[in-house]
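Student: sequence plus predicted model, see below.
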Amino acid sequence: MAVLVLYATVEGHSRKIADKVAAQLENAGEAVVLADVRDPGFAVPGRFDGVLLCAPVHMGRYPDPIIRFATDWKDALDAVPNAFVSVSLGINSENEEERAEAEAYPAKLEKKTGFRPRRIHNAAGALKFLEYDFFKRIVMRRIAEKEGGPLDTSMDFEFTDWDALEAFVAEFAKEVAQNADAEPSAI
């Protein structure tokens, strides 16, 4: 069985999440193709037994390449088990309204693209102070201060619940295996 893991990233944390997902799927016996959605030349999604997308929310939206990909390939994605990992700092918020807003981003993606993920995991992202330019570092520090988060801009902070992500990927891998057992692979 083969799984396509595609990601979009801005500061690298979604790539880190996609790397962990790919490694877990490989450890479960899957053949995995891991690629940045912006890179040309990856295989057609419909030729895989499953597809997992991973993308961050920045400034209230997903990166354009993931939106284009989901729009262009929604039918192929729908034909196989698929999953979506939405990465957002809002998931880590103590404020219920902010968490609810972060949880709603995948539905907004569906409305915009027509792609409806079968499985969705909302992962908390990271404060990448070392990656930010001067202006963004100030803005993100103010947001962190408002949220009661870390203020030390000399280091990065990860908020991803790796155990929850691992459980999500295990369920996805189980669905891919069950689906592959039910019908012949397209590869």
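Tutor: Good, I have the coordinates. Numbers count the residues shown, from 1 in each chain.
Student: walk me through the domains of this structure.
Tutor: Here the domain assignment for the chain is 2-125+165-180, 128-159, based on automatic domain parsing.
Student: now, of those domains, which is deepest in the fold?
Tutor: Ranked by mean neighbour count, the domains of the chain are led by domain 2-125+165-180 with a mean of 19 (mean count of other CB atoms under 10 Å). C-beta: built from backbone N, CA, C; applies to glycine.
Student: now that domain, how far from the centre of its chain.
Tutor: 4 Å (CA atoms, centre = their mean, to the nearest Å).
Student: quick check: bridge partners of the closest residue to residue 117 other than its chain neighbours?
Tutor: In this structure, residue 117 finds its nearest non-sequential neighbour in residue 84, 3.7 Å apart by CB to CB, 6 or more residues apart in numbering. Here residue 84 sits in beta bridges with residue 53, residue 120, going by DSSP bridges.
Student: ok, residue 84 to residue 144 distance?
Tutor: According to CB to CB, to the nearest Å, residue 84 stands 26 Å off from residue 144.
Student: lowest average confidence, helix or strand, in this protein?
Tutor: helix 134-147 (a mean of 89; mean pLDDT, DSSP states H and E).
Student: ok, now how distant is the nearest residue to residue 161 once chain neighbours are set aside from residue 168?
Tutor: The shortest distance from residue 161 to any non-neighbouring residue, by CB to CB, 6+ apart, is to residue 124 (6.5 Å). From residue 124 over to residue 168 the distance is 13 Å, taken as CB to CB.
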